[in-house]
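Student: Sequence and predicted structure below; questions after.
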Amino acid sequence: MEEEELLNIGGGFEEVVDSESSKCLSSFVDKGSIDSHRYYLARRTVLEMFRDRGYSVPSSEIDFSLQQFRATFSDSPDVDRLAFSATHSSDPSKRIMLVFCGPGIVKIATVRHIVSQIVNRDGLSGLVLVIHSNLTKQAEKALEVFSFKVETFWITDLLINISKHVLKPRHQILNDEEKKRLLEKYKIQDKQLPRLSMDDAIVRYYGLQKGQVLKFMYDGNITESYFTYRCVW
């Protein structure tokens, strides 16, 4: 063999991978930083989340490849540059913003820095804060004084889009009229429906409020397809 040979190891033979195969395998290795990859995945998930909540998000922002992301934000991204804001498609008065916190515990100084980042806070209706570590008590209290809703997500929870997970059933958020018809049909109150916690991943993804109802549709291979309803509580 010219590029391959067999090595006698412990009485057996092992094939040595040829140089061309080594080059091929190395092309699949991500040579960039782990942090940039995590920021890329988390930012994409949040932008998909905004779009699924009805906000206008350009497809070009969501369809960024990892290489494009690194070319734009570098292999060691400045978290301030990752901020993004979007306006609601059907209600232009609603605007939501994404802000990343750097590594480490989120302190009151971090919150002050976030405040300095937010332009036109009076027109903001929501803020999604992506964190790496815990918030101090002072930082939590500081976030509570904002006039808009602040949602915090761990970056590790955003590395995949939970709404697209293969183990998650298909789901539909009922509007007020659909919820009314459902309750009238079964002659029940919403509190009698099976419940979903406010901490549920799907509830948090869509930013749902207490009292909203979701329809879950299951396609079973063993049993027939069926659906169920749950109320956020």
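Tutor: Arrived safely.
Student: alpha carbons only for contacts and neighbour counts from here, please
Tutor: Fine.
Student: which residues sit in contact with G126?
Tutor: Taking Cα atoms under 8 Å, 6 or more residues apart in numbering, we find G126 in contact with 95-97, 148-151.
Student: Quick check, pLDDT for it.
Tutor: On pLDDT, G126 comes in at 94.
Student: Next, it: phi, psi?
Tutor: phi -160, psi 150 (degrees, to the nearest 10).
Student: how is the protein carved up into domains?
Tutor: 34-160, 163-232 (automatic domain parsing).
Student: Please indicate which of the ones you listed has the most neighbours on average?
Tutor: domain 34-160 (a mean of 16; mean count of other Cα atoms under 10 Å).
Student: Now do the end-to-end distance for that domain.
Tutor: Using Cα to Cα, to the nearest Å, one end of domain 34-160 lies 15 Å from the other.
Student: what's the answer for stretch 185-203, then?
Tutor: Note: stretch 185-203 ends 25 Å apart using Cα to Cα.
Student: Do a quick rundown of the strands in the chain.
Tutor: Here the chain has its strands, by DSSP state E, at 6-9, 12-15, 84-87, 95-100, 126-131, 149-154, 170-173, 195-196, 213-218, 226-232.
Student: Mean confidence (pLDDT) on the longest one, please.
Tutor: Model confidence over strand 226-232 averages 94 on the pLDDT scale.
Student: That one pairs with which strands, parallel or anti?
Tutor: Paired with strand 226-232 in the same sheet, following DSSP bridges, are strand 195-196 (parallel), strand 213-218 (antiparallel).
Student: on that earlier part again, nearest to V130, of the contacts of G126?
Tutor: Nearest to V130 among those, counting by Cα to Cα, is E151 at 8.5 Å.
Student: Could I get the contacting residues of the closest one?
Tutor: E151 neighbours (Cα under 8 Å, 6+ apart): 126-129.
Student: Let's have the residues you listed in TSV, adding distance to K191.
Tutor: Shown next, in TSV, are the contacts of E151 (distance: Cα to Cα, whole Å):
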residue	distance to K191
G126	27
L127	29
V128	29
L129	31
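Student: which one of the residues you listed is nearest S60?
Tutor: V128 (20.5 Å).
Student: List the beta-bridge partners for the closest one.
Tutor: V128 has these beta-bridge partners by DSSP bridges: L98, E151.
Student: distance of it from F216?
Tutor: 26 Å.
Student: Just the endpoints, please. Distance across stretch 164-178?
Tutor: Stretch 164-178 end-to-end distance (Cα to Cα) = 24 Å.
Student: Name the surrounding residues that touch it.
Tutor: If you take Cα under 8 Å, 6+ apart as the criterion, stretch 164-178 is touched by 162, 212-219.
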